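# Okay, here's the prediction I keep looking at, along with the sequence it came from:
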Amino acid sequence: MTTKYDEKILEITTNWKFTQDITRKVGGDKSAIIRACERLAEMDYLEVKPNSNRILYKRKDTAQTEFNFILMMEHMEVNQKTEINALSQFSTLLMKDGKRLRQKSTNVLDNIHEEVNRAYMVKRRLNYQKNLEIIPHSIADQRIKKLDDYIEKIMCSVMSKYNDKSTTQAIQKYFQNHTTKFEFKF
């Protein structure tokens, strides 16, 4: 999962940094760190400046424009549809014992969890900017509502794909073990 690198990447990119400098300072899976940088740039958290055949990243501390917010939401929704589609490809999510999730389904749920974490990350940033009055309250509240709707849509899609009780319980247990922010609505 790339979200585990996000905070560290944002912490060290106060000035322009090359990708290799970021991966060295963050430490860990190089390809996951690079994907995290790309996703943070996609979410308008990092500025990108190509420098010949290398890429520079810098944390972006300004408020997100409406266009960039809409673009980010489109990217998130495409990723959401991809993961929901991948999840629906499985005939069952559970192992033969009927209680534990299969590794492939866990990988897809990890990706869905990562998408939701990114939405929460944007919500935190919007609340912070709203409190500092960097962004108007009405715009921040509208964006937060869109993110809440996005999160709820993901969770409803995941839960509605499987009607049997043991699968829904396994999915709920998975998400509740990985985060405390989810509320399941049926």
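Arrived safely, thanks for sending. Residues are numbered from 1 along each chain as shown.

# Going by C-alpha atoms from here, please, whenever you check contacts or count neighbours.
OK.

# Give me the domain ranges for this protein.
3-59, 66-178 (automatic domain parsing).

# Show the average pLDDT along the shortest one.
The average pLDDT within domain 3-59 is 89.

# The longest one now?
The average pLDDT within domain 66-178 is 85.

# Present the domains of the chain as JSON lines; the columns should include mean neighbour count.
Shown next, in JSON lines, are those (neighbours: other CA atoms under 10 Å):
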{"stretch": "domain 3-59", "mean neighbour count": "17"}
{"stretch": "domain 66-178", "mean neighbour count": "16"}
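
# Report all helices and strands that whichever strand or helix holds K58 contacts.
Assigned by DSSP states H and E, K58 belongs to strand 54-59. Secondary-structure packing of strand 54-59 (3 or more CA pairs under 8 Å, 6 or more residues apart in numbering; DSSP states H and E): strand 17-18, helix 19-26, strand 46-51.

# relative to helix 19-26, how tilted is it?
Angle between the axes of strand 54-59 and helix 19-26 is 50 degrees (criterion: axes from the mean of the first three to the mean of the last three CA atoms, to 10 degrees).

# re the thing from before, what's the closest of the helices and strands packed on strand 54-59 to D110?
D110 lies closest, by CA to CA, to one member of these: helix 19-26, at 21.1 Å.

# My read is that I135 contacts A63, right?
Yes. Look at I135 against A63 with CA atoms under 8 Å: they come within range, at 6.5 Å.

# what residues are shared contacts of these two?
The contact sets of I135 and A63 overlap at Q129 (CA atoms under 8 Å, 6 or more residues apart in numbering).

# and the strand holding K58 with strand 46-51, angle?
Counting by the same axes, to 10 degrees, strand 54-59 lies at 150 degrees to strand 46-51.

# Now do strand 54-59: everything it contacts.
Against strand 54-59 from outside (CA under 8 Å, 6+ apart): 10, 13-19, 37, 45-50.

# One more pass at 7 Å, please.
Strand 54-59 has contacts (CA atoms under 7 Å, 6 or more residues apart in numbering) with 10, 13-19, 45-50.
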